[in-house]
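> Sequence and predicted model, in that order:
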Amino acid sequence: MVLDDMQKIVLDTAREWTRDRMPVSAFRALRDRGEPRGYDPAIYAELGDLGWCGVAVPEAHGGSGLGYLTLALILEQMGRTVGASPLLSTAIVADALVRGGTEAVRDVWLPRLLSGQAVGALAVDEGPRHAPDAIGAVAVKTGDGWRLDGVKRFVTEGLGADLLIVAARTDDGIALFALDAGAEGLLRTPRRLTDQRGHADLTLDGVLAPEHACLAQGTGDAALIDTLLDRARALTAAELLGLAVGAFEMTVEYLKVREQFGQKIGAFQALQHRAAHLHTRLELTRSAVLAALLAIDDGSGDIPRLVALAKATASETANLATREMIQMHGGIGMTDDHDAGFYIKRARVLEATWGGAAFHRERYGRMIGV
């Protein structure tokens with residue numbers, strides 16, 4: 001695939017910026033100082049200054065309207081250096097407001113989200129596995145708004161979020177609600193996962209929300225929650241691709257310098273074969289991820305199938321790349337002094353986020369009638 005001129009500019013800028021401002025050493029320093037939000041707010045503010053928070057938002061709503069593929073190019077570069085940022089989750093929340101929010105909600109939140117002054121998070125799951133159909137949180141209509149009760153688990157960027165898009169069951173089915181993270185009755189508890197990011201569990205105990213907090217649910221042939229989830233999955237697949245590429249590049253460099261039995265270990269045919277196999281997997285994954293993102297930008301009716309394929313493929317490839325990274329680095333790869341652990345831990349969390357490889361293989365199979 002050939003990128004257009006603007007996408008090339010964004011890609012080159014993102015590659016240079018992430019290497020300079022988000023190297024792996026920056027994440028190590030963030031981890032070591034125990035930042036509860038899991039990202040550096042000052043660095044994230046720079047993303048807002050670059051305009052990246054509004055890349056996928058239409059110009060009519062204050063964004064640049066460059067689409068999901070362009071946003072994914074940025075996220076892939078962040079994945080290559082394990083860059084910690086709430087860009088992905090905030091982009092999905094901004095999309096939710098554009099598609100389903102009232103003017104009152106958009107006027108308050110969109111400028112802050114697009115400038116990097118506020119962070120958004122999507123809260124759907126309630127158990128240890130991704131199950132968007134098994135939502136137990138409830139929203140009951142009151143005289144002038146809604147009352148929400150229930151729990152949400154493993155909310156990505158939940159600790160640092162200012163605005164939460166929460167899925168809850170109503171008399172008419174599943175609805176999404178835009179809630180201020182500081183709302184009375186909303187409790188956030190840190191959920192420490194292996195990637196050391198700002199995940200949280202939410203408890204909603206009689207949270208009161210105005211009428212306009214409920215987002216409009218229809219977006220063509222798909223419910224808003226399904227639309228948002230597929231966009232989150234496609235962007236997560238792009239970050240997984242970046243993680244896999246970063247792990248592969250670091251491994252290849254190691255093969256070129258590590259000596260054993262008097263020669264570089266990259267000369268060993270067995271390791272060459274493993275590296276070549278991983279390279280082919282990366283190219284296959286890139287094709288699957290690009291196909292899903294292009295479908296989203298083109299408004300294709302095949303988005304769910306292509307997204308399922310991309311997320312399953314990217315999850316499996318990142319799993320393979322990070323395992324091979326540790327294997328081919330030998331003993332040093334098992335230590336905390338080496339960066340390999342950051343890659344494999346982040347890959348495992350992203351694989352489970354919005355449905356792992358098994359979830360999307362099954363989903364894909366159902367869509368093609370297998």
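Arrived safely.
> Determine which residue lies closest to the centroid of the protein.
Central residue of the chain (CA atoms, centre = their mean): Thr236, 3.9 Å from the mean position.
> Now do the contacts for that residue.
Leu88, Lys311, Ala314, Leu350, Thr353, Trp354 (CB atoms under 8 Å, 6 or more residues apart in numbering). Every C-beta, even on glycine, is put in place using the N, C-alpha and C of the backbone.
> Counting only helices, which of those make the cut?
Assigned to helices by DSSP state H, the following of those qualify: Leu88, Lys311, Ala314, Leu350.
> From what I see, the third one and Val289 are in contact.
Yes: the pair formed by Ala314 and Val289 meets the contact definition of CB atoms under 8 Å, at 6.0 Å.
> separation between the residue nearest to the centre of the chain and Ala314?
Distance, Thr236 to Ala314, by CB to CB, to the nearest Å: 8 Å.
> Report how many residues lie close to Gln117.
Gln117 has 14 neighbours, counted by other CB atoms under 10 Å.
> again, but for Gly301
Applying other CB under 10 Å, we find 11 residues neighbouring Gly301.
> which residues in the stretch 101-250 of the chain form helices?
Under the criterion DSSP state H, counting those that start in this stretch, helices of the stretch 101-250 of the chain are mapped to 103-115, 224-257.
> Identify, out of these, the most deeply packed stretch.
A comparison of the helices of the stretch 101-250 of the chain by mean neighbour count, using mean count of other CB atoms under 10 Å, puts helix 224-257 on top with a mean of 23.
> quick revisit: could you dump the helices of the stretch 101-250 of the chain into a markdown table and include mean pLDDT and distance to Arg305?
Output for the helices of the stretch 101-250 of the chain, formatted as a markdown table (pLDDT from 0 to 100; distance: least, CB to CB, whole Å):
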| stretch | mean pLDDT | distance to Arg305 |
| --- | --- | --- |
| helix 103-115 | 96 | 30 |
| helix 224-257 | 95 | 10 |
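> okay if I get those as TSV plus distance to Leu293?
Output for the helices of the stretch 101-250 of the chain, formatted as TSV (distance: least, CB to CB, whole Å):
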stretch	distance to Leu293
helix 103-115	20
helix 224-257	6
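> With respect to Pro190, which of those lies nearest?
Checking the helices of the stretch 101-250 of the chain against Pro190 by CB to CB gives helix 224-257 as the closest, at 21.3 Å.
> gap between that closest one and the chain center?
How far helix 224-257 lies from its chain's middle: 10 Å, per CA atoms, centre = their mean, to the nearest Å.
> what does stretch 165-185 give?
Between the centre of stretch 165-185 and the centre of its chain there are 21 Å (CA atoms, centre = their mean).
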